[in-house]
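Undergrad: Here is my input; please provide its structure:
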Amino acid sequence: MNRHVGSIARVLAIALLAALLLAPQAFAPVFSPFTENGAPPVYNQGSLLDLTISHLELVAIASLIGIVLALAMGIFVTRPAGQEFLPLSRSIANIGQTFPPVAVLALAVPAVGFGVTPTLIALVLYGLLPIFENTITGLNEVPAAVLDAARGMGLSPAQRLWRVELPLALPVILAGIRLSVVINLGTATIGSTVAAKGLGEVIIAGLQSSNTAFVLQGGLIVGLLAVLVYDALGAVERLAARRAGRSA
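TA: Numbers count the residues shown, from 1 in each chain. Model prediction:
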């Protein structure tokens with residue numbers, strides 16, 4: 001029953017998102033009450049579909065970079081040679097979460113200019129912690145008996161990592177990736193303040209013109225994207241958990 005309800009909700013969310021992007025004018029009556037002085041009820045300064053694609057591309061690139069960095073850091077500090085660097089690595093990952101992305105943008109723009117680059121820096125730093133911590137947790141949770149069996153089979157440390165540890169830790173790592181991606185989906189809206197193309201343009205246009213309808217449109221699209229991406233990555237995580245013999 002719950003699965004059936006979830007499937008219906010998923011289809012409705014996809015349909016609503018598609019309608020918002022492909023036929024935004026159909027929602028003019030819905031957003032009209034949130035406008036004043038004859039302001040347009042639907043964002044008309046660009047294509048919502050194009051902005052959404054640019055937003056997703058930005059998040060995808062930032063997430064990919066963050067995944068590579070966080071995985072590398074997490075694997076390194078769980079190896080005997082890197083254990084002493086755990087406090088330093090954890091501090092770096094924590095700084096990314098505690099330092100506001102807006103402040104990162106303010107510091108990055110003078111160094112790298114406006115556009116996508118400072119936004120990527122902010123998103124990568126902000127998304128490191130969940131993946132880093134879950135990588136450490138997942139690798140540390142691999143049963144010692146399994147590692148002993150792998151050693152007994154003559155597997156090298158690298159082979160144990162790729163064939164045994166990472167596959168077993170994958171569900172936990174994916175949970176961190178899912179959280180990181182969803183965080184970045186919302187945070188990426190600030191990129192429009194430094195000329196990075198994305199859905200933040202809709203929200204900022206609304207704030208600058210005191211048009212609540214624009215703010216609601218941008219926020220609704222980002223929210224639907226976050227829900228759908230979270231749901232999709234959750235399905236991948238559950239599949240990995242079943243394959244690894246873990247409960248999702």
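Undergrad: ranges for the helices of this structure?
TA: Using DSSP state H, the helices of the chain run over 2-22, 28-31, 48-77, 86-98, 101-112, 116-140, 144-152, 157-160, 166-187, 200-208, 212-244.
Undergrad: Taking the chain centroid, which residue in the protein is the extreme one?
TA: If you look at how far each residue of the chain sits from its centre, by C-alpha atoms, centre = their mean, the farthest one is residue 152, at 39.1 Å.
Undergrad: rewinding a little: go through the helices of the chain and name the closest to residue 42.
TA: Closest to residue 42 of those is helix 28-31 (C-beta to C-beta; 5.2 Å). C-beta coordinates here come from the backbone N, C-alpha and C atoms, glycine included.
Undergrad: How about the residue positioned nearest the centre of the chain: what's its closest non-neighbour residue?
TA: In the chain, the residue lying closest to the centroid (C-alpha atoms, centre = their mean) is residue 181, at 1.0 Å. Excluding the flanking residues, the one nearest residue 181 by C-beta to C-beta, 6 or more residues apart in numbering is residue 63, at 5.0 Å.
Undergrad: List the contacts of the one you found.
TA: Contacts of residue 63 were listed using C-beta atoms under 8 Å, 6 or more residues apart in numbering, and they are 123, 127, 177, 180-181, 184.
Undergrad: burial of residue 22, as a residue count?
TA: 10 (other C-beta atoms under 10 Å).
Undergrad: what sits against it?
TA: Residue 22 neighbours (C-beta under 8 Å, 6+ apart): residue 49.
Undergrad: Report pLDDT for it.
TA: With respect to pLDDT, residue 22 scores 92.
Undergrad: again with residue 246
TA: With respect to pLDDT, residue 246 scores 59.
Undergrad: same thing with residue 232?
TA: Model confidence at residue 232, given as pLDDT, is 93.
Undergrad: Residue 218 contacts residue 203, doesn't it?
TA: Yes: with contacts counted by C-beta atoms under 8 Å, residue 218 reaches residue 203, the gap being 3.9 Å.
Undergrad: When these two are compared, which one has more neighbours?
TA: residue 218 (27 against 22).
Undergrad: Provide a list of residues in contact with that one.
TA: Neighbouring residues of residue 218 by C-beta under 8 Å, 6+ apart: 43, 189, 199-203, 206.
Undergrad: Nearest residue to it in space, ignoring adjacent ones along the chain?
TA: Excluding the flanking residues, the one nearest residue 218 by C-beta to C-beta, 6+ apart is residue 202, at 3.4 Å.
Undergrad: so how far is residue 17 from that neighbour?
TA: 14 Å (C-beta to C-beta, to the nearest Å).
Undergrad: average pLDDT across stretch 57-67?
TA: For stretch 57-67, the mean per-residue pLDDT is 96.
Undergrad: can you dump the C-alpha coordinates of it into PDB?
TA: C-alpha atoms of stretch 57-67 as PDB (Å, rounded to 0.1, in the frame of the first residue of the first chain):
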ATOM      1  CA  GLU A  57      24.500  20.600 -14.800                       C
ATOM      2  CA  LEU A  58      26.100  22.800 -12.100                       C
ATOM      3  CA  VAL A  59      25.000  20.500  -9.300                       C
ATOM      4  CA  ALA A  60      26.200  17.400 -11.200                       C
ATOM      5  CA  ILE A  61      29.700  18.800 -11.800                       C
ATOM      6  CA  ALA A  62      30.000  20.000  -8.200                       C
ATOM      7  CA  SER A  63      28.700  16.700  -6.900                       C
ATOM      8  CA  LEU A  64      31.100  14.700  -9.100                       C
ATOM      9  CA  ILE A  65      34.100  16.700  -7.900                       C
ATOM     10  CA  GLY A  66      33.000  16.400  -4.300                       C
ATOM     11  CA  ILE A  67      32.500  12.700  -4.600                       C
END
